[in-house]
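Visitor: Sequence plus predicted model, see below.
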Amino acid sequence: MLVSTLRGEQPFQLTMPLRKGVEVLVAKIGRFDSMMENPSLIPTLLHSLPTSTFTASCFNKLLKELSTQRLLLHKKNFSAISNLTFPTLAQLFVSSSSRLGEGDDFLEWYNLICKILQKLIGNTMQSLVAGGENIKLLSNVFQSIHKTITNIISNSLPQPGSKLYKILSRLSLIEIEAQGRHPLVFAGWLREGLEFFFRVFRECAGRKEEGEGWILEKLVINCCGFLARVKGERAYDPSSLTGNSSNSFSHKTITSKGDTNTKAAENNLQIAVAACGRFYTEEVCEILAKIAICAMMPLTRRDLEEWQNDPEQYMVSVEQATISTDAHAAGQQLFLTLQESSHRPLLSKFLLSFLNDYNSQISSASLEANSMAAMSVQLVGDLKVLQWDAIFTAAGIAASSLEDQIDFTDWFCKALAPALTTIMQSPSPPNPNPNPNNTALPVLRHRIVWLLGCYVNSLSDALRPQIYSALVSVLNHDSVKSDAMVKLTCVKTLNGLFEDWDFDIPAFHLLSAPTIRGLYALLDRVEELESSTLILQTASVLIARMGMSLGVEAANAVVLPLLQIWEMAGDKNVLRKHVLSILTNVSAAVTPEEVALLYPVVQPMLDLATNPGDAHVYLTDDALRLWLALMRVAREYDEGFHLLFPKISNIVINMDWEHLKVCMLILESYIFVGKQTFWNQMFLSLVGNVKAKAATYIMLPIDALMRRFPLEGSQMLLEGGVYNSILKCCVDVIRDAKEREPDIILVQWISIVGRGLIVNRDTIIQGLFKPQGVCSPTEFLNLMLEKFDSTGYGWGKTGQIRRRVWVCALASLLPGADGPVGGPGWEGVWDTLMLKNLDQFVNMCVDVLTEDAAGSVGEGEQFYDSEEDTPISGAEEYEKKLRTEIQSDSVVAVNLKTFVKARIDGCAIVVGPARWREAIESCEPVVVQQLMKLLN
């Protein structure tokens, strides 16, 4: 049925839906069944192709489907189909190219044939020329393309959007795509292609309708793109012939087929290099540069109308323009390619011949200023103004290559600055609402502001303040002279200056507040999301760069409107994200006393942005960073943040630990500020269930809690079951009941239990080591003795403090005058264990006391147990607070020598002389002598 339908032998009329269905069916057959296994389909298509548009459409759909397959087998099948069908298609194409006047039906069929050829040649050109049989046919196809395009543009030009207009573009793309995908294989046709497209480009680039766009715009874009791509083609690099390039063919191949392919590639490279060398002469490059600047870059009536109707949308369209769809972008790409080639000196000299004419630049600015004041210039614009706009565009594109050849300071002071001043100081128009058909646009204003951003790296220190002042003036100028297009470009330029390494912070100090006000005023005017994002991002960058130099006036200008901006953003979370970023940067740019003024603005935002699972989850990361920044610099605990605290637990538990690190840092900061509001249940779910790095961050708030509130904290961790979870995690390692945790994690957990034993010994023992508990006293003591060497001698003060914790905890387990260790009912348990392992305890005491004698504890660095940096927000304040916390730590403050000596002396009295002498004799005499010397 399918074959008869393709041949036109079906006994029914094919409606349009049926046609589409058959096309899809043919494509799917081609995708899922090898064409070599269905030999009748391709001959059937070829048989009906010369007379059937429907068959041509089916064949095109089939090839489109096959060309998307990427497996090597699929590519081989496609090549086989191409070699089978290309001769017929090529002959059919060449013989039909002279019949373009036969009507729309024929043009539709012919356009489909062009699409088919484009797919065959573009995907399999190398396979087509491999045997040599198709080379002549390819030459005939390319010659037919040249002849057909020449005939079309020599006669009455097709209307944009017409079928002939589309065919004109499609014909050029066959050859252009062949060169782009197979640059070396195409080498044999390169010279003719360059000459043809240059001729067409030169002829058509200047064909415009009274300020409108190009009559054959798509063809012009295609020709321009071809000439630019060939000029910049790395495969045609002449250095490859000398072996000095990555494309060099000096390597050796193993197989005879490889040798043949390499030799063919070398020959093609020589042909291509020779063709490019003969074509791209200095004369041709200068002609191309002139066409690019004078014909491709100037704005057209269509551009000006779009600009006038919606400046903001026009800027967005300019930013999104591509070289394959926009003539201006194609011309800029051509000029940039020429400028970056070996002809750079010639083109730089050509461009500098314009740029050195300062008087003409100022004169053009005067024309624009006068037209703005009188509103008397038609929308097509003054040609001199439009031409200078194009020249400035070329200068901006070539900025990197012109830096060493132009004195930007001299250019700015003698031409650009006077031109900008002339424009901005012109009198306002008498009619604030002029006729839109009689409006002059701020063309040069926009281009000069854009140009300044291109030469950021060329600005001298002395020139920067002038540039800053000029741009801020443009940003805050009246809306008629600086429309959204100009102001948004100004924002982009300022953004580049703020991000520049040499940004002059002192010079910008007085301009910070006006800049912020100008940005927010523009934010009220724009409608596009891209524009709003750019404005808020620029404000955030400015605040970050200014830091503490921002000043109170600027800080107030930043913060006061933010709550309103937040509300107006609605569901545009990308804007709210930037609001949070701005506030984070502000918190680092004001004093800790001034940070409290941010709370009424920030807390409603944090409340909304920290709800796991709702529509604002995208904001959580930035909200947490802001929260952390504020808590780190806070001097007093705020009730609003107290109410926000429960959200930490929800975020950690409900978001798969994604934000665990920053949440733990926030909790640590809560404890630093002086409150023990803490959610036990959260730690119950964390202990032993997270990766090593996560456990390290969990330790930060627990450590902070135990340093600040050791007795209350230990009681809370015991009653909440956290200690039980810790011991279970540790003992499972001994019993091999689970995958082993790294020693660093076990050490951290045991240290927390050790801190509890120091201040709340009997309660902790009764709660943890009761019968049928998760851990026995023997297992716990062995774990401490075994892992002591892992407490980290290489961790600086972190390891030193942790070792003091362990020694103090073990000393607390020695019996003394305070009664039996563990309280009533525990007599003889811990004293027996400790005396049995006294030798190891004595060694530990000697190590830590010796280390203590070598330096003061609590000084120097002691910040993180992770090699990964913490969030930078408030880092300086955080480190100050952490150092203060550590120095006030009871474990650091205690006189270790006195404490250990008191515990040992008490133990000797309680156990009696005989048991004590037996225990001491189990120790190394030398070590005991060292201990006595350190204690006395």
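Guide: Structure's in. What do you need?
Visitor: quick one, what contacts residue 499?
Guide: Residue 499 sits next to 541, 545 when contact means Cβ atoms under 8 Å, 6 or more residues apart in numbering. C-beta coordinates here come from the backbone N, C-alpha and C atoms, glycine included.
Visitor: Now for the protein, the helix or strand with the poorest mean pLDDT.
Guide: For the chain, counting by mean pLDDT, DSSP states H and E, helix 680-686 ranks last in confidence among helices and strands (a mean of 44).
Visitor: Distance from the chain centre to stretch 700-710, please.
Guide: Put simply, stretch 700-710 sits 38 Å off its chain's centre (Cα atoms, centre = their mean, to the nearest Å).
Visitor: do stretch 345-355 as well
Guide: Offset of stretch 345-355 from its chain centre (Cα atoms, centre = their mean): 36 Å.
Visitor: I'd like the numbering to begin with 29 instead of 1 from here.
Guide: Okay, using 29 as the starting number, the last item reads as stretch 373-383.
Visitor: pLDDT on it, on average?
Guide: For stretch 373-383, mean pLDDT is 91.
Visitor: With just CA atoms, put it into PDB.
Guide: The C-alpha coordinates for stretch 373-383 follow below in PDB (Å, rounded to 0.1, in the frame of the first residue of the first chain):
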ATOM      1  CA  PRO A 373      47.900  46.100  10.200                       C
ATOM      2  CA  LEU A 374      46.100  47.100   7.000                       C
ATOM      3  CA  LEU A 375      42.600  47.100   8.500                       C
ATOM      4  CA  SER A 376      43.700  48.900  11.600                       C
ATOM      5  CA  LYS A 377      45.300  51.600   9.500                       C
ATOM      6  CA  PHE A 378      42.000  51.800   7.500                       C
ATOM      7  CA  LEU A 379      39.900  52.100  10.700                       C
ATOM      8  CA  LEU A 380      42.300  54.600  12.300                       C
ATOM      9  CA  SER A 381      42.000  56.900   9.300                       C
ATOM     10  CA  PHE A 382      38.400  57.400  10.400                       C
ATOM     11  CA  LEU A 383      39.000  57.500  14.200                       C
END
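Visitor: Would you mark the buried spots in it?
Guide: Buried residues in stretch 373-383, counting neighbours by 16 or more other Cβ atoms under 10 Å, are found at 374, 375, 376, 378, 379, 382, 383.
Visitor: after the helix or strand where residue 541 lies, next one along is what?
Guide: Taking DSSP states H and E as the criterion, residue 541 maps to helix 540-553. Proceeding N to C from helix 540-553, the next assigned helix or strand is helix 557-574, under DSSP H and E.
Visitor: and the next element down the chain from that following helix?
Guide: helix 580-587.
Visitor: and that next one, C-alpha only, in PDB?
Guide: Only the C-alpha atoms of helix 580-587 are listed here, as PDB (Å, rounded to 0.1, in the frame of the first residue of the first chain):
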ATOM      1  CA  VAL A 580      25.700  55.300  54.600                       C
ATOM      2  CA  GLU A 581      24.000  57.300  51.900                       C
ATOM      3  CA  ALA A 582      24.500  54.700  49.300                       C
ATOM      4  CA  ALA A 583      23.600  51.900  51.700                       C
ATOM      5  CA  ASN A 584      20.300  53.600  52.500                       C
ATOM      6  CA  ALA A 585      19.700  54.100  48.800                       C
ATOM      7  CA  VAL A 586      20.200  50.400  48.200                       C
ATOM      8  CA  VAL A 587      18.100  49.000  51.000                       C
END
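Visitor: picking up where we left off before, tell me which residues in the helix holding residue 541 are buried?
Guide: In helix 540-553, counting by 16+ other Cβ under 10 Å, buried: 540, 541, 542, 543, 544, 545, 546, 547, 548, 550, 551.
Visitor: want to try JSON lines for those residues, with distance to residue 84 as columns?
Guide: Formatted as JSON lines, the buried residues of helix 540-553 follow (distance: Cβ to Cβ, whole Å):
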{"residue": "540", "distance to residue 84": "65"}
{"residue": "541", "distance to residue 84": "67"}
{"residue": "542", "distance to residue 84": "64"}
{"residue": "543", "distance to residue 84": "61"}
{"residue": "544", "distance to residue 84": "62"}
{"residue": "545", "distance to residue 84": "63"}
{"residue": "546", "distance to residue 84": "59"}
{"residue": "547", "distance to residue 84": "56"}
{"residue": "548", "distance to residue 84": "59"}
{"residue": "550", "distance to residue 84": "53"}
{"residue": "551", "distance to residue 84": "53"}
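Visitor: ok, those vs residue 863, which is closest?
Guide: residue 540 (70.3 Å; Cβ to Cβ).
Visitor: Quick check, residue 81 in contact with residue 140.
Guide: Yes: proximity of residue 81 to residue 140 meets the contact threshold set by Cβ atoms under 8 Å, at 6.6 Å.
Visitor: between the two, which one's more packed in?
Guide: residue 140 (22 against 17; other Cβ atoms under 10 Å).
Visitor: ok, now which ones touch that one?
Guide: By Cβ under 8 Å, 6+ apart, residue 140 lies in contact with 81, 84, 85, 87, 88.
Visitor: I'd like the residues you listed as CSV, with secondary structure, distance to residue 367 and pLDDT appended.
Guide: As requested, the contacts of residue 140 are exported to CSV (DSSP: H, G, I helix; E, B strand; the rest coil; distance: Cβ to Cβ, whole Å; pLDDT from 0 to 100):
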residue, secondary structure, distance to residue 367, pLDDT
81, helix, 46, 87
84, helix, 43, 88
85, helix, 44, 88
87, helix, 44, 86
88, helix, 40, 89
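Visitor: ranking those by neighbours, who comes first?
Guide: In terms of neighbour count, residue 87 stands highest of the contacts of residue 140 at 30 neighbours, by other Cβ under 10 Å.
Visitor: quick one: that one from residue 145, how far?
Guide: 11 Å (Cβ to Cβ, to the nearest Å).
Visitor: what does residue 116 give?
Guide: Noted for residue 116: a distance of 11 Å to residue 145, by Cβ to Cβ.
Visitor: okay if I get the buried residues of stretch 373-383 as CSV plus distance to residue 905 and secondary structure?
Guide: As requested, these are exported to CSV (distance: Cβ to Cβ, whole Å; DSSP: H, G, I helix; E, B strand; the rest coil):
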residue, distance to residue 905, secondary structure
374, 58, helix
375, 54, helix
376, 52, helix
378, 57, helix
379, 52, helix
382, 54, helix
383, 50, helix
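Visitor: Redo those as a markdown table? Include distance to residue 800.
Guide: Formatted as a markdown table, the buried residues of stretch 373-383 follow (distance: Cβ to Cβ, whole Å):
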| residue | distance to residue 800 |
| --- | --- |
| 374 | 91 |
| 375 | 88 |
| 376 | 87 |
| 378 | 92 |
| 379 | 88 |
| 382 | 92 |
| 383 | 89 |
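Visitor: Quick check: of these, which lies closest to residue 931?
Guide: Nearest to residue 931 among these: residue 376, at 83.4 Å, using Cβ to Cβ.
Visitor: quick one: the spatially closest residue to the closest one that is not a sequence neighbour and residue 160, what's the gap?
Guide: Computed as Cβ to Cβ, 6 or more residues apart in numbering, the closest residue to residue 376 that is not its neighbour in sequence is residue 433, at 5.4 Å. Noted for residue 433: a distance of 50 Å to residue 160, by Cβ to Cβ.
Visitor: That concludes my questions; thank you for your assistance.
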